[in-house]
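Novice: output the structure for:
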Amino acid sequence: PITCGCDHPTLISTVALSKMLSLASASTLSLAPAALMRAPAVRTAAPVMESKAELESLAGKLNPVIGYWDPLNLADYDQWSQGQEAAIGFLRHAEIKHG
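Specialist: Sure thing, here's the model as predicted:
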């Protein structure tokens, strides 16, 4: 038995208490600010994978002093037999994520 917190000894049943708690939590959720509710993200374009030739071209444009430099030959790395473009995409994702 749980008391209601008043001065008089009124007992509240556990069924009544669970109904009150469920109504209170439902009413609290309905008052949530609209700013917290986000619309789902929409991707505008499909991701583009790059080939080794595109990497070499991009490296020359971004840093003409060094140019293309791949001492570990990671551009030819094909870990899961999905092709060179998938491997380059995976490595670029890891580089962006982990720095």
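
Novice: helices along this protein, start to end?
Specialist: Assigned helices in the chain, in chain order: 14-30, 52-62, 84-98 (criterion: DSSP state H).

Novice: quick check: the gap between residue 63 and residue 95.
Specialist: 15 Å (CB to CB, to the nearest Å). Heads up, the C-betas are built off the backbone N, CA and C, glycines and all.

Novice: right, I mislabeled it, should have said residue 86
Specialist: In terms of CB to CB, residue 86 sits 15 Å off from residue 95.

Novice: quick one, which of those two is more surrounded?
Specialist: For residue 86 versus residue 95, the count of surrounding residues by other CB atoms under 10 Å is larger for residue 86: 14 against 10.

Novice: shouldn't residue 56 be in contact with residue 68?
Specialist: Yes. Counting by CB atoms under 8 Å, residue 56 touches residue 68, with 4.3 Å between them.

Novice: look at residue 88 and say how many residues are nearby.
Specialist: 21.

Novice: show me what contacts it?
Specialist: 49, 50, 51, 52, 55, 75 (CB atoms under 8 Å, 6 or more residues apart in numbering).
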